[in-house]
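Enquirer: sharing a sequence plus its predicted fold:
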Amino acid sequence: MFIDEAIIKVKSGKGGDGMVHFRREKYVPRGGPDGGDGGRGGDVVMQVEPTLNTLYEFRHTSLFRAKDGANGGRQNMTGKSSDDLIIKVPPGTIIYNAETSEILGDLTQPGQKLVVCKGGRGGRGNQHFATPSQQAPRIAERGEPGQELKLQLELRLIADVGIIGAPNAGKSTFLAAVTNAKPKIAPYPFTTLEPNLGVSHLDDDTTLVLADIPGLIEGAHRGIGLGHDFLRHIQRTRVLIHLLDGLAEDPLLDLAQINSELALFDPALADKPQIVTLNKMDLPDVQSRWLKIERSLKRRGYSPYAISAVSGTNVRQVLYRAAQLLAEAPPINESVAIPVYRPSIDPRHFQITQTGGGWRVSGEAIERAASMTYWEEPQSIRRFQKILNTLGIDEALRTAGVKNGDTVYIGNEYELEWQD
(Lines give C-alpha, C1' and ligand atoms only; values in the text may rest on other atoms or scores of the structure.)
Protein backbone atom coordinates (compact mmCIF):
# COMPACT_ATOMS: atom_id res chain seq x y z
CA MET A 1 0.00 0.00 0.00
CA PHE A 2 1.31 3.43 -0.95
CA ILE A 3 1.23 5.86 1.97
CA ASP A 4 2.67 9.33 1.36
CA GLU A 5 1.65 11.21 4.53
CA ALA A 6 2.07 10.42 8.20
CA ILE A 7 1.86 12.14 11.58
CA ILE A 8 4.23 10.90 14.27
CA LYS A 9 5.41 11.96 17.72
CA VAL A 10 9.08 11.78 18.59
CA LYS A 11 10.91 12.28 21.87
CA SER A 12 14.62 12.29 22.49
CA GLY A 13 16.18 10.64 25.51
CA LYS A 14 16.57 12.36 28.85
CA GLY A 15 20.12 12.86 30.09
CA GLY A 16 21.27 10.67 32.96
CA ASP A 17 21.38 12.13 36.45
CA GLY A 18 24.65 13.23 37.99
CA MET A 19 25.56 11.48 41.25
CA VAL A 20 26.23 12.74 44.75
CA HIS A 21 28.93 10.50 46.18
CA PHE A 22 32.10 10.73 48.27
CA ARG A 23 35.21 8.68 48.12
CA ARG A 24 35.16 5.91 50.72
CA GLU A 25 38.41 4.05 51.27
CA LYS A 26 40.25 2.59 54.23
CA TYR A 27 42.61 5.09 55.79
CA VAL A 28 40.97 7.91 53.82
CA PRO A 29 38.48 9.30 56.32
CA ARG A 30 37.76 12.50 54.38
CA GLY A 31 37.53 11.36 50.78
CA GLY A 32 36.41 14.07 48.43
CA PRO A 33 33.38 14.14 46.12
CA ASP A 34 33.54 11.59 43.30
CA GLY A 35 30.01 11.55 41.91
CA GLY A 36 30.06 10.93 38.17
CA ASP A 37 28.17 12.70 35.40
CA GLY A 38 25.09 11.32 33.72
CA GLY A 39 25.23 10.09 30.16
CA ARG A 40 23.68 11.93 27.20
CA GLY A 41 20.19 10.96 26.08
CA GLY A 42 19.75 9.63 22.55
CA ASP A 43 18.92 11.95 19.66
CA VAL A 44 16.04 11.27 17.30
CA VAL A 45 17.44 11.17 13.77
CA MET A 46 15.59 10.88 10.47
CA GLN A 47 17.70 9.06 7.89
CA VAL A 48 17.08 8.35 4.20
CA GLU A 49 16.84 4.67 3.31
CA PRO A 50 16.99 4.35 -0.52
CA THR A 51 15.18 1.00 -0.55
CA LEU A 52 12.00 2.58 0.86
CA ASN A 53 9.40 4.23 -1.38
CA THR A 54 6.44 4.70 0.97
CA LEU A 55 5.63 5.87 4.51
CA TYR A 56 3.68 2.68 5.18
CA GLU A 57 5.84 1.79 8.21
CA PHE A 58 4.36 4.76 10.08
CA ARG A 59 0.76 3.65 9.59
CA HIS A 60 0.72 1.53 12.75
CA THR A 61 3.62 3.06 14.71
CA SER A 62 3.27 6.73 15.53
CA LEU A 63 5.32 7.17 18.72
CA PHE A 64 9.11 7.04 18.66
CA ARG A 65 11.20 7.57 21.78
CA ALA A 66 14.96 7.45 22.16
CA LYS A 67 16.47 5.90 25.29
CA ASP A 68 17.60 7.91 28.29
CA GLY A 69 21.22 8.26 29.28
CA ALA A 70 22.47 6.26 32.25
CA ASN A 71 23.02 7.90 35.60
CA GLY A 72 26.52 8.79 36.80
CA GLY A 73 28.35 6.42 39.14
CA ARG A 74 30.82 6.54 41.96
CA GLN A 75 34.54 7.08 41.47
CA ASN A 76 33.84 9.81 38.90
CA MET A 77 32.35 7.29 36.47
CA THR A 78 30.25 8.88 33.74
CA GLY A 79 27.01 7.14 32.88
CA LYS A 80 26.70 5.54 29.46
CA SER A 81 25.26 7.74 26.74
CA SER A 82 22.31 6.31 24.86
CA ASP A 83 22.45 5.39 21.18
CA ASP A 84 20.57 7.65 18.82
CA LEU A 85 17.18 6.51 17.59
CA ILE A 86 17.37 6.24 13.78
CA ILE A 87 14.04 6.55 11.95
CA LYS A 88 14.34 5.51 8.33
CA VAL A 89 12.35 7.32 5.65
CA PRO A 90 12.26 7.09 1.83
CA PRO A 91 14.07 9.59 -0.41
CA GLY A 92 11.93 12.66 -1.03
CA THR A 93 10.51 12.93 2.50
CA ILE A 94 9.83 16.43 3.80
CA ILE A 95 9.75 16.84 7.59
CA TYR A 96 7.40 19.49 9.04
CA ASN A 97 6.74 20.65 12.56
CA ALA A 98 3.09 19.62 12.66
CA GLU A 99 2.21 22.39 15.12
CA THR A 100 3.69 25.30 13.17
CA SER A 101 3.94 23.89 9.59
CA GLU A 102 7.62 24.92 9.59
CA ILE A 103 9.82 22.86 7.26
CA LEU A 104 12.52 21.20 9.34
CA GLY A 105 14.19 19.35 6.50
CA ASP A 106 13.89 17.96 2.99
CA LEU A 107 15.60 14.56 2.76
CA THR A 108 16.50 13.51 -0.77
CA GLN A 109 19.92 11.85 -0.78
CA PRO A 110 20.68 8.25 0.33
CA GLY A 111 22.02 8.23 3.87
CA GLN A 112 21.11 11.88 4.48
CA LYS A 113 20.35 12.56 8.14
CA LEU A 114 18.35 15.16 10.05
CA VAL A 115 18.40 15.46 13.84
CA VAL A 116 14.87 16.45 14.78
CA CYS A 117 15.21 16.14 18.58
CA LYS A 118 18.46 16.52 20.50
CA GLY A 119 19.02 14.21 23.42
CA GLY A 120 19.24 15.76 26.86
CA ARG A 121 22.64 16.57 28.33
CA GLY A 122 23.76 14.43 31.24
CA GLY A 123 23.65 16.05 34.65
CA ARG A 124 26.92 16.89 36.38
CA GLY A 125 28.03 14.94 39.43
CA ASN A 126 28.97 16.59 42.70
CA GLN A 127 32.69 16.46 41.78
CA HIS A 128 32.08 19.61 39.67
CA PHE A 129 30.72 21.64 42.56
CA ALA A 130 33.64 21.37 44.96
CA THR A 131 35.22 24.70 45.97
CA PRO A 132 37.88 25.67 48.49
CA SER A 133 35.13 26.74 50.87
CA GLN A 134 32.79 23.86 50.04
CA GLN A 135 34.86 20.73 49.78
CA ALA A 136 32.03 18.28 50.42
CA PRO A 137 29.22 19.44 48.16
CA ARG A 138 26.05 17.46 48.22
CA ILE A 139 25.01 19.00 44.94
CA ALA A 140 24.54 17.38 41.54
CA GLU A 141 22.39 17.90 38.45
CA ARG A 142 19.64 15.77 37.08
CA GLY A 143 19.78 15.03 33.41
CA GLU A 144 18.36 17.49 30.93
CA PRO A 145 14.90 16.46 29.69
CA GLY A 146 14.57 15.28 26.10
CA GLN A 147 12.82 17.24 23.40
CA GLU A 148 9.40 16.27 22.09
CA LEU A 149 7.88 17.10 18.72
CA LYS A 150 4.87 16.25 16.63
CA LEU A 151 6.01 15.79 13.06
CA GLN A 152 4.25 15.61 9.75
CA LEU A 153 5.99 13.51 7.13
CA GLU A 154 5.18 14.16 3.50
CA LEU A 155 6.62 12.08 0.67
CA ARG A 156 7.20 13.55 -2.77
CA LEU A 157 8.45 10.94 -5.16
CA ILE A 158 11.80 11.54 -6.80
CA ALA A 159 11.58 10.70 -10.48
CA ASP A 160 13.22 12.03 -13.64
CA VAL A 161 10.01 12.02 -15.67
CA GLY A 162 6.40 12.46 -14.60
CA ILE A 163 3.59 10.95 -16.69
CA ILE A 164 0.53 13.19 -16.44
CA GLY A 165 -2.86 13.44 -18.10
CA ALA A 166 -6.59 13.20 -17.57
CA PRO A 167 -8.13 10.07 -16.03
CA ASN A 168 -8.13 7.06 -18.35
CA ALA A 169 -5.54 8.58 -20.72
CA GLY A 170 -3.41 5.44 -20.49
CA LYS A 171 -0.66 6.57 -18.11
CA SER A 172 -0.44 3.27 -16.23
CA THR A 173 -0.43 1.34 -19.50
CA PHE A 174 2.41 3.54 -20.76
CA LEU A 175 4.42 2.99 -17.57
CA ALA A 176 3.91 -0.76 -17.77
CA ALA A 177 4.95 -0.77 -21.43
CA VAL A 178 8.29 0.98 -20.88
CA THR A 179 9.31 -0.34 -17.44
CA ASN A 180 8.96 -3.41 -15.24
CA ALA A 181 6.35 -1.67 -13.10
CA LYS A 182 3.05 -3.50 -12.63
CA PRO A 183 0.42 -0.85 -11.90
CA LYS A 184 -3.25 -1.78 -11.70
CA ILE A 185 -4.85 -1.15 -15.10
CA ALA A 186 -8.54 -1.12 -16.04
CA PRO A 187 -10.68 0.81 -18.55
CA TYR A 188 -12.43 3.16 -16.17
CA PRO A 189 -11.49 6.48 -14.60
CA PHE A 190 -9.50 6.68 -11.38
CA THR A 191 -8.18 3.12 -11.55
CA THR A 192 -4.87 4.56 -10.35
CA LEU A 193 -5.33 5.88 -6.84
CA GLU A 194 -1.64 6.10 -6.01
CA PRO A 195 1.52 7.08 -7.90
CA ASN A 196 3.63 4.30 -9.38
CA LEU A 197 7.36 4.30 -10.07
CA GLY A 198 9.21 2.45 -12.82
CA VAL A 199 12.73 2.36 -14.26
CA SER A 200 13.30 2.28 -18.02
CA HIS A 201 16.69 1.21 -19.40
CA LEU A 202 16.99 2.78 -22.84
CA ASP A 203 20.58 1.68 -23.42
CA ASP A 204 23.79 1.04 -21.50
CA ASP A 205 24.22 4.72 -20.74
CA THR A 206 20.63 5.92 -20.32
CA THR A 207 18.24 5.07 -17.52
CA LEU A 208 15.05 6.95 -16.70
CA VAL A 209 12.99 6.85 -13.52
CA LEU A 210 9.34 7.49 -14.41
CA ALA A 211 6.38 8.24 -12.14
CA ASP A 212 2.79 7.61 -13.21
CA ILE A 213 0.81 10.41 -11.55
CA PRO A 214 -2.90 9.55 -11.08
CA GLY A 215 -5.34 11.38 -13.35
CA LEU A 216 -5.91 15.02 -12.56
CA ILE A 217 -9.35 16.61 -12.73
CA GLU A 218 -10.57 20.19 -12.74
CA GLY A 219 -10.12 21.64 -9.28
CA ALA A 220 -7.18 19.36 -8.40
CA HIS A 221 -5.16 22.39 -7.23
CA ARG A 222 -7.79 22.88 -4.51
CA GLY A 223 -7.61 19.27 -3.37
CA ILE A 224 -10.58 17.99 -5.36
CA GLY A 225 -10.15 14.33 -6.28
CA LEU A 226 -7.10 13.99 -3.99
CA GLY A 227 -5.49 16.73 -6.08
CA HIS A 228 -2.98 17.91 -3.46
CA ASP A 229 -1.91 14.33 -2.81
CA PHE A 230 -1.06 13.82 -6.49
CA LEU A 231 0.20 17.24 -7.57
CA ARG A 232 3.02 17.42 -5.07
CA HIS A 233 4.64 14.31 -6.58
CA ILE A 234 5.09 16.22 -9.86
CA GLN A 235 7.16 18.93 -8.18
CA ARG A 236 10.40 16.94 -8.09
CA THR A 237 10.19 15.67 -11.68
CA ARG A 238 12.22 17.57 -14.27
CA VAL A 239 10.41 16.53 -17.47
CA LEU A 240 6.72 15.75 -18.05
CA ILE A 241 5.18 13.35 -20.57
CA HIS A 242 1.63 14.62 -21.10
CA LEU A 243 -0.61 11.81 -22.38
CA LEU A 244 -3.81 12.82 -24.18
CA ASP A 245 -6.65 10.36 -24.48
CA GLY A 246 -7.25 9.83 -28.20
CA LEU A 247 -10.86 8.87 -27.44
CA ALA A 248 -11.59 11.94 -25.33
CA GLU A 249 -14.28 14.32 -26.52
CA ASP A 250 -11.76 17.17 -26.74
CA PRO A 251 -8.11 16.21 -26.05
CA LEU A 252 -6.99 19.82 -26.54
CA LEU A 253 -9.32 20.99 -23.80
CA ASP A 254 -7.96 18.26 -21.52
CA LEU A 255 -4.44 19.52 -22.24
CA ALA A 256 -5.38 23.09 -21.32
CA GLN A 257 -7.21 21.95 -18.19
CA ILE A 258 -4.34 19.85 -16.83
CA ASN A 259 -1.80 22.58 -17.52
CA SER A 260 -4.02 25.10 -15.76
CA GLU A 261 -4.26 22.85 -12.72
CA LEU A 262 -0.47 22.51 -12.62
CA ALA A 263 0.07 26.27 -12.81
CA LEU A 264 -2.64 27.06 -10.25
CA PHE A 265 -1.00 24.68 -7.77
CA ASP A 266 2.58 25.82 -8.36
CA PRO A 267 3.65 28.27 -11.11
CA ALA A 268 6.97 26.44 -11.47
CA LEU A 269 5.14 23.36 -12.77
CA ALA A 270 4.01 25.30 -15.85
CA ASP A 271 7.65 25.86 -16.80
CA LYS A 272 8.70 22.21 -16.82
CA PRO A 273 9.51 20.77 -20.29
CA GLN A 274 6.54 18.79 -21.65
CA ILE A 275 6.29 16.10 -24.30
CA VAL A 276 2.71 16.02 -25.58
CA THR A 277 1.53 12.66 -26.93
CA LEU A 278 -1.78 11.41 -28.29
CA ASN A 279 -2.35 7.88 -27.02
CA LYS A 280 -4.44 4.96 -28.34
CA MET A 281 -3.31 5.23 -31.95
CA ASP A 282 -4.00 1.50 -32.32
CA LEU A 283 -7.69 2.42 -32.63
CA PRO A 284 -9.04 3.48 -36.07
CA ASP A 285 -11.16 6.28 -34.59
CA VAL A 286 -8.07 7.86 -33.07
CA GLN A 287 -6.03 7.48 -36.24
CA SER A 288 -8.70 9.31 -38.24
CA ARG A 289 -8.55 12.41 -36.01
CA TRP A 290 -4.77 12.53 -35.53
CA LEU A 291 -3.90 14.93 -38.36
CA LYS A 292 -6.41 17.52 -37.18
CA ILE A 293 -5.21 17.27 -33.56
CA GLU A 294 -1.57 17.40 -34.68
CA ARG A 295 -2.15 20.64 -36.59
CA SER A 296 -3.90 22.21 -33.61
CA LEU A 297 -1.10 21.20 -31.23
CA LYS A 298 1.58 22.55 -33.55
CA ARG A 299 -0.25 25.88 -33.73
CA ARG A 300 0.06 25.99 -29.95
CA GLY A 301 3.80 25.45 -30.12
CA TYR A 302 3.98 21.73 -29.35
CA SER A 303 5.79 18.99 -31.29
CA PRO A 304 3.36 16.14 -30.58
CA TYR A 305 3.86 12.39 -30.82
CA ALA A 306 1.26 9.81 -31.83
CA ILE A 307 1.67 6.65 -29.75
CA SER A 308 -0.03 3.48 -28.65
CA ALA A 309 0.91 2.40 -25.15
CA VAL A 310 -0.84 -0.93 -25.73
CA SER A 311 1.09 -1.88 -28.88
CA GLY A 312 4.25 0.08 -28.03
CA THR A 313 4.11 2.24 -31.14
CA ASN A 314 6.50 5.21 -30.89
CA VAL A 315 6.97 4.87 -27.11
CA ARG A 316 10.75 4.51 -27.46
CA GLN A 317 10.92 7.76 -29.44
CA VAL A 318 9.07 9.51 -26.63
CA LEU A 319 11.49 8.13 -24.04
CA TYR A 320 14.55 9.19 -26.01
CA ARG A 321 13.06 12.67 -26.36
CA ALA A 322 12.49 12.70 -22.59
CA ALA A 323 16.13 11.70 -22.03
CA GLN A 324 17.25 14.55 -24.31
CA LEU A 325 15.13 17.12 -22.45
CA LEU A 326 16.32 15.72 -19.13
CA ALA A 327 19.94 16.28 -20.14
CA GLU A 328 19.10 19.89 -21.04
CA ALA A 329 16.89 20.63 -18.02
CA PRO A 330 18.45 22.48 -15.09
CA PRO A 331 18.75 20.53 -11.83
CA ILE A 332 16.13 21.13 -9.17
CA ASN A 333 17.46 23.49 -6.52
CA GLU A 334 16.84 21.47 -3.38
CA SER A 335 18.23 24.26 -1.21
CA VAL A 336 15.12 26.35 -1.85
CA ALA A 337 12.39 25.74 0.69
CA ILE A 338 9.46 23.96 -0.88
CA PRO A 339 6.14 25.74 -0.36
CA VAL A 340 3.76 24.15 2.10
CA TYR A 341 0.43 23.46 0.44
CA ARG A 342 -2.55 22.96 2.72
CA PRO A 343 -6.27 22.96 1.87
CA SER A 344 -6.68 25.42 4.76
CA ILE A 345 -4.47 27.93 2.95
CA ASP A 346 -6.67 29.32 0.17
CA PRO A 347 -4.54 30.06 -2.92
CA ARG A 348 -7.57 31.58 -4.68
CA HIS A 349 -7.71 34.95 -2.95
CA PHE A 350 -8.94 37.74 -5.21
CA GLN A 351 -9.89 41.39 -4.92
CA ILE A 352 -12.61 43.30 -6.75
CA THR A 353 -12.35 47.06 -7.20
CA GLN A 354 -14.65 49.40 -9.09
CA THR A 355 -13.01 51.54 -11.73
CA GLY A 356 -14.29 54.39 -13.85
CA GLY A 357 -14.85 52.01 -16.74
CA GLY A 358 -16.14 48.97 -14.89
CA TRP A 359 -14.75 46.38 -12.47
CA ARG A 360 -11.26 45.02 -11.96
CA VAL A 361 -10.61 41.53 -10.58
CA SER A 362 -7.11 41.02 -9.23
CA GLY A 363 -5.64 37.80 -7.88
CA GLU A 364 -2.78 35.47 -8.61
CA ALA A 365 -4.87 32.40 -9.39
CA ILE A 366 -7.47 34.06 -11.63
CA GLU A 367 -4.90 36.15 -13.52
CA ARG A 368 -2.80 33.04 -14.11
CA ALA A 369 -5.87 31.15 -15.33
CA ALA A 370 -6.73 34.00 -17.69
CA SER A 371 -3.23 34.05 -19.17
CA MET A 372 -3.49 30.30 -19.88
CA THR A 373 -6.88 30.44 -21.57
CA TYR A 374 -7.11 30.05 -25.36
CA TRP A 375 -9.45 32.97 -25.97
CA GLU A 376 -9.96 31.99 -29.61
CA GLU A 377 -11.56 28.70 -28.49
CA PRO A 378 -15.20 28.89 -27.28
CA GLN A 379 -14.79 25.83 -25.03
CA SER A 380 -11.79 27.39 -23.35
CA ILE A 381 -13.83 30.53 -22.73
CA ARG A 382 -16.63 28.43 -21.22
CA ARG A 383 -14.11 26.72 -19.00
CA PHE A 384 -12.79 30.09 -17.88
CA GLN A 385 -16.35 31.06 -17.00
CA LYS A 386 -16.55 27.92 -14.87
CA ILE A 387 -13.34 28.95 -13.12
CA LEU A 388 -14.90 32.35 -12.35
CA ASN A 389 -17.85 30.55 -10.82
CA THR A 390 -15.72 28.00 -8.95
CA LEU A 391 -13.55 30.69 -7.41
CA GLY A 392 -16.64 32.62 -6.31
CA ILE A 393 -15.86 35.63 -8.49
CA ASP A 394 -19.25 35.56 -10.27
CA GLU A 395 -21.12 35.79 -6.97
CA ALA A 396 -18.76 38.45 -5.61
CA LEU A 397 -19.26 40.62 -8.70
CA ARG A 398 -23.05 40.33 -8.43
CA THR A 399 -22.87 41.25 -4.75
CA ALA A 400 -20.71 44.26 -5.66
CA GLY A 401 -23.39 45.42 -8.14
CA VAL A 402 -22.16 44.45 -11.60
CA LYS A 403 -24.73 44.94 -14.39
CA ASN A 404 -25.16 43.61 -17.92
CA GLY A 405 -22.84 45.36 -20.31
CA ASP A 406 -20.33 46.36 -17.62
CA THR A 407 -16.66 45.83 -18.42
CA VAL A 408 -14.78 43.40 -16.20
CA TYR A 409 -10.98 43.60 -16.27
CA ILE A 410 -8.96 40.57 -15.20
CA GLY A 411 -5.73 42.01 -13.89
CA ASN A 412 -4.25 44.53 -16.28
CA GLU A 413 -4.38 42.48 -19.48
CA TYR A 414 -7.85 41.06 -20.11
CA GLU A 415 -11.14 42.84 -20.74
CA LEU A 416 -14.49 41.05 -20.67
CA GLU A 417 -18.10 42.19 -21.04
CA TRP A 418 -20.43 41.05 -18.29
CA GLN A 419 -23.50 39.13 -19.45
CA ASP A 420 -25.79 37.42 -16.96
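Expert: Sure thing, it's come through. None of the values given here were measured: they were computed from a predicted structure.
Enquirer: ok, then the element right after the helix or strand bottoming out on mean pLDDT in the chain?
Expert: Across the helices and strands of the chain, mean pLDDT, DSSP states H and E gives its lowest value to helix 227-231, namely a mean of 56. Note on helix 227-231: by DSSP states H and E, the next helix or strand toward the C-terminus is strand 239-245.
Enquirer: report the distance from that following strand to the chain centre.
Expert: Distance of strand 239-245 from the chain centroid (CA atoms, centre = their mean, to the nearest Å) equals 20 Å.
Enquirer: just checking, what packs against it?
Expert: strand 161-165, helix 171-178, helix 251-265, strand 274-279, helix 315-328 (3 or more CB pairs under 8 Å, 6 or more residues apart in numbering; DSSP states H and E). (Each C-beta comes from the backbone N, C-alpha and C, glycine too.)
Enquirer: at 6 Å what do you get?
Expert: The contact analysis (3 or more CB pairs under 6 Å, 6 or more residues apart in numbering; DSSP states H and E) places strand 239-245 against strand 161-165, strand 274-279, helix 315-328.
Enquirer: so what strands line up beside it?
Expert: Using DSSP bridges, the strands paired with strand 239-245 are strand 161-165 (parallel), strand 274-279 (parallel).
Enquirer: what's the most buried one of these?
Expert: Highest mean neighbour count of these: strand 161-165, a mean of 28 (counted as mean count of other CB atoms under 10 Å).
Enquirer: what does it rub up against?
Expert: Contacts to strand 161-165, defined as CB atoms under 6 Å, 6 or more residues apart in numbering, come from residues 171, 174, 208, 210-213, 234, 237, 239-243, 322.
Enquirer: go again using 8 Å as the cut-off
Expert: For strand 161-165, contacts defined as CB atoms under 8 Å, 6 or more residues apart in numbering pick out 171, 174-175, 208-213, 215-216, 233-234, 237-245, 254, 258, 262, 279, 322, 326.
Enquirer: the residues you listed, buried ones only, as a PyMOL selection?
Expert: Per 16 or more other CB atoms under 10 Å, the buried members of the contacts of strand 161-165 correspond to this PyMOL selection:
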select buried, resi 171+174+175+208+210+211+212+213+215+216+233+234+237+238+239+240+241+242+243+244+245+254+258+262+279+322+326
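Enquirer: confidence-wise, which of the strands paired with strand 239-245 is weakest overall?
Expert: Per-stretch mean pLDDT for those is lowest at strand 161-165 (a mean of 88).
Enquirer: just the angle between it and helix 315-328, please?
Expert: Note on geometry: by axes from the mean of the first three to the mean of the last three CA atoms, to 10 degrees, strand 161-165 and helix 315-328 are set 120 degrees apart in direction.
Enquirer: so how far is strand 161-165 from its chain's centroid?
Expert: For strand 161-165, the distance to the chain centre is 15 Å (CA atoms, centre = their mean).
Enquirer: go on, stretch 166-177?
Expert: 22 Å.
Enquirer: just say helix, strand or coil for Pro214.
Expert: Per DSSP: H, G, I helix; E, B strand; the rest coil, the secondary structure class of Pro214 is coil.
Enquirer: burial count for Met46?
Expert: 24 (other CB atoms under 10 Å).
Enquirer: that one against Lys113, yeah?
Expert: Yes: using CB atoms under 8 Å, Met46 makes contact with Lys113 at a distance of 6.9 Å.
Enquirer: please enumerate the strands of the stretch 1-150 of the chain.
Expert: Counting by DSSP state E, counting those that start in this stretch, one finds strands in the stretch 1-150 of the chain at the ranges 5-11, 44-48, 63-65, 85-89, 93-97, 103-107, 113-117, 148-155.
Enquirer: quick one: the strands paired with strand 239-245 as JSON lines, columns for distance to Trp418 too.
Expert: As requested, these are exported to JSON lines (distance: least, CB to CB, whole Å):
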{"stretch": "strand 161-165", "distance to Trp418": "35"}
{"stretch": "strand 274-279", "distance to Trp418": "34"}
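Enquirer: could you chop the chain up by domain?
Expert: Structural domains assigned to the chain are 1-155, 161-328, 351-417, following automatic domain parsing.
Enquirer: which one of those has the lowest average pLDDT?
Expert: Looking across those, the weakest by mean pLDDT turns out to be domain 161-328, at a mean of 80.
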